[in-house]
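Trainee: how would this look folded up:
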Amino acid sequence: MKALVDTAAAATESYDLPARPDDLLARRHSVVGDVVIADPAIPAGDPASGRLTPAQGAGLRALREILFSLDRHRVFGGMRQVWDQTTGDALWVCSRHYPIHDPGLPELPAPTA
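Mentor: Prediction:
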């Protein structure tokens, strides 16, 4: 997450670098100062922390390997990944429910001559 935040901050900087490294760090902090990465007071594994314990992470990586070994073509039973607009969570939906989450491109009227 830190690398992602650093990359986002660097992308917003202009090409003229400040003379002092402290100025660069202050500029980066002003860009990402409101981003909450993790609250150290909340233990990892608690859903409110947004972090997994090492055991939870290892379990999810093992599940991923099992799924990929069972579904070599990564079809996932026709399920498609979409992102919940309110929570940002990844959802897996069937083809019947996919249009609810992704209505597609709008149809434009035909040009008049």
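Trainee: Every contact and neighbour count from this point should use C-alpha atoms.
Mentor: OK.
Trainee: Any idea how far apart the tips of stretch 99-113 sit?
Mentor: Criterion CA to CA, to the nearest Å; first-to-last residue distance in stretch 99-113 is 33 Å.
Trainee: Give me the domain ranges for this structure.
Mentor: As given by automatic domain parsing, the domain ranges for the chain are 2-74, 75-106.
Trainee: and those domains, which one is worst for confidence?
Mentor: The weakest mean pLDDT among these belongs to domain 2-74, with a mean of 67.
Trainee: ok, and for the lengthiest helix in the chain, which residues are buried?
Mentor: Determined from DSSP state H, the single longest helix within the chain is helix 54-70. Within helix 54-70, no residue qualifies as buried by neighbour count (16 or more other CA atoms under 10 Å).
Trainee: And the next helix or strand past that helix?
Mentor: strand 80-83 (DSSP states H and E).
Trainee: Who are the packing partners of that next one?
Mentor: Packing contacts for strand 80-83, counted by 3 or more CA pairs under 8 Å, 6 or more residues apart in numbering; DSSP states H and E, involve strand 90-93, helix 98-101.
Trainee: Redo those as TSV? Include distance to residue 109 and mean neighbour count.
Mentor: As requested, those are exported to TSV (distance: least, CA to CA, whole Å; neighbours: other CA atoms under 10 Å):
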stretch	distance to residue 109	mean neighbour count
strand 90-93	30	14
helix 98-101	21	13
